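Chemist: Need the 3D shape of this:
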Amino acid sequence: MPSLRACALLLILSALLASQCNAKRHNHSTLVVNLESGWPISEHFFGVFFEEINHAGSGGLWSELVSNRGFEAGGTSVPSRIHPWSIVGNESTIRVETKLASMFPRNKVAVKLDILCESPKDCPHGVGLSNPGFWGMSIEEGEKYNVVFYVRALGPIDLKISFKGALGQELAYTNIRASAKDVSKWIKMESIVQAIGSDFNSSLHITTTKKGVIWLDQVSAMPMETQNGHGFRKDLYQRVADLKPKFFRFPGGTYVEGQKLRNAFRWKETIGSWENRPGHFNEPWNYWTDDGLGFLEMLQLAEDLDTLPIWVCNAGVARDEGINTTEIGPFVQEALDGIEFAKGPITSKWGKIRASMGHPKPFNLHYVAVGNEDCDLYEYQGNYLKFYKAIKNHYPDMQIISNCDATVKPLDHPADLFDFHVYTTAEDMFSQYNKFDSVQRIGPKAFVSEYAVWKDDAGFGSLLSALGEAAFLMGLEKNSDLVEMVSYAPLLVNYNDQKWKPDAIVFDSYRSYVIPSYWLQQFFTQSSGATYINSKLQAPASVVASAIVWKDKTENRSYLRIKAVNFANRSTTLAIKIDGLEPNVDLSGSSLTLLTSEKVRDENSFYNPVRVVPVRSVLKNAKPNMNIRLPPISVVSIDFPK
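Modeler: All right, here's what the predicted structure looks like:
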């Protein structure tokens, strides 16, 4: 049964279609489309940008359930905090402290449990540690979970590993017993448990009733079912995949830099077995990450999405400090090693290491961005030239992206692309439809790697945001001879850690919804590799319209797509005139998709995830010359079979 919201939008669509022949001339726009004149849009025009922000990966896209799995988040000065771990028991039954006692030299902290229970009756429910994950672990009945941890003890152990719901109900458990000899040194324990109940606010418990001294380290819990078995949370992966991205920019963003270089993303620290990854403090966004979602996993994610990876490497620059150009050599070498790790043959040093990690085939890396938003920092341009020359010397075909904005003035250094970021109001974003019209065509192409309407206009993701962004994106299509690629930012946000808003995909431990800007992006997913059609628009300043021709490869059929945005709070009529259609073309398969809502600041939420969603309908009586009513505050997309 359709929702009331869907019914309302269908009524709007019905009124829109019925008004095709009854347009009022007082508020009228005309779009003349010339199918014989146009230019190509880049094959990888539309993509996505992933940054470790808002717990997008750690506690989100990456399926690890345990937060602070190595007890490292509190730092190496022990005793240290083990948040969000909590103690099960009281001072009379257990003492807990951190020690530099790990078997992993890059992860020195382990936790010591001094169990004081004289007999099981003293601790009938067990004592130990519990971990709530990232604002609750989602445990589902029938699903299996792989629990791994390292343990040593001064005597035999009898541990219970369990998942418990918010009310204490036991959802899954297993017992692990070992002799004193077996656990006299660090040993890896691994067990698969199957849930007999469900709770999205669960926690992992490691408890015992047996007196003794136990050390624990590197505790992990992962669902057995992840996307392609590669560790990605399936529902969030699908949200990203549904955008049909042609590129995947990673891992940031400010995350790449850190406030200080000691907390920058260093790719070599994020590869290899997860137990040996030291993790680091995500300083710009104020949380610890275990780096389970590391360099290899992000390359794998791009491959799984069947898209081009774009690596943002550190340019020897943090927000508060930088490496002098005369000393930048090690950072340049780190970038060269990273490229070799991604695409080098298995006979190369780093290609061999990649192969040893289970991926002998090189990744399809062709783009490297040197730094992020660093152009105005003192060290950047000198450092950039060192990166550029070294990378081009080793990889002449690698496309190198500069942080400096060539829309203001031409670059004074070589680059294949320049990075352009814009966060602004809806009205200003709408006005940037013409932003790239007068930018010179000589020199590097533009990569609009971060754009969004934000702050008051956006809220947590409003229709108003999408309206402004619609005109901006149409302007990028219009300038596709210069604009090579575009991606929205940020992509993901854990509802419990909204450091930045809005974000395209909102989630918690077990569910997600998407904002109007996400739905708007789907109006442009077919633009990659399409042809921008020369058209002439006569309209008030509140209306922008354009046309492309795209091909549906599954149907082997081409479509003319006309998109229009009405930024005003009153309806208008768009008269469409299509020149160059083949004689007697059958337009019976035409369709219309409408994105609108009752109020311009309407948002989606967990409780009403479809308040602002696109609605598709058959476009009846489609003709080369016809009138379409554009409802107030709306985006309309029309597909005509060509």
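Chemist: CA only for contacts and neighbour counts going forward, please
Modeler: Fine.
Chemist: can you pull out the helices in this structure?
Modeler: Counting by DSSP state H, the chain has these helices, from start to end: 4-18, 234-241, 295-304, 329-343, 349-356, 380-394, 426-431, 463-478, 516-521.
Chemist: Need the contact partners of the last one.
Modeler: Residues outside helix 516-521 that contact it (CA atoms under 8 Å, 6 or more residues apart in numbering): 243, 461-463, 465-466, 469-470, 504-505, 595, 603-604, 612-614.
Chemist: Quick one: distance of that helix to the chain centre.
Modeler: Helix 516-521 has its C-alpha centroid displaced from the chain centroid by 14 Å (CA atoms, centre = their mean, to the nearest Å).
Chemist: got a list of what Ala458 touches?
Modeler: By CA under 8 Å, 6+ apart, the contact set of Ala458 is Ala426, Leu464, Ser465, Lys501, Pro502, Arg601.
Chemist: please redo it, this time with the cut-off set to 10 Å
Modeler: 424-426, 452, 464-466, 501-503, 517, 601-603 (CA atoms under 10 Å, 6 or more residues apart in numbering).
Chemist: Then Gln522?
Modeler: Neighbouring residues of Gln522 by CA under 10 Å, 6+ apart: Phe46, Asp242, Leu243, Lys244, Pro245, Pro614.
Chemist: just those residues now: which is nearest Asn383?
Modeler: Set against Asn383, the nearest of these by CA to CA is Phe46 (29.3 Å).
Chemist: Report how many residues lie close to the residue lying closest to the closest one once chain neighbours are set aside.
Modeler: Closest residue to Phe46 apart from its sequence neighbours, by CA to CA, 6 or more residues apart in numbering: Val486 at 5.3 Å. Neighbours of Val486 under the rule other CA atoms under 10 Å: 25.
Chemist: and the end-to-end length of stretch 155-175?
Modeler: Distance across stretch 155-175, first residue to last, is 17 Å (CA to CA, to the nearest Å).
Chemist: Poorly predicted segments of the protein, please.
Modeler: 1-27 (pLDDT under 70).
Chemist: related to what we said a few turns ago, wait, doesn't the residue nearest to Phe46 sit right on Lys445?
Modeler: No. Between Val486 and Lys445 there is no contact under CA atoms under 10 Å: 11.5 Å.
Chemist: picking that back up, possible to save the contacts of Ala458 as TSV with distance to Lys210 and neighbour count?
Modeler: As requested, the contacts of Ala458 are exported to TSV (distance: CA to CA, whole Å; neighbours: other CA atoms under 10 Å):
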residue	distance to Lys210	neighbour count
Thr424	60	19
Thr425	61	20
Ala426	62	27
Ala452	56	28
Leu464	60	27
Ser465	58	32
Ala466	59	32
Lys501	48	19
Pro502	50	26
Asp503	48	26
Ser517	55	28
Arg601	58	16
Asp602	57	20
Glu603	53	24
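Chemist: Tally up the residues packed near the residue nearest to Lys361 when sequence neighbours are not counted, please.
Modeler: Spatially, and ignoring its direct neighbours in sequence, Lys361 is nearest to Ala355 (7.3 Å; CA to CA, 6+ apart). Residues lying near Ala355 (other CA under 10 Å) number 17.
Chemist: Contact partners for Ala355?
Modeler: Ala355 touches Phe341, Gly344, Pro345, Ile346, Thr347, Lys361, Pro362, counting by CA under 10 Å, 6+ apart.
Chemist: how near is the fifth one to Ser356?
Modeler: The gap separating Thr347 from Ser356 is 12 Å, by CA to CA.
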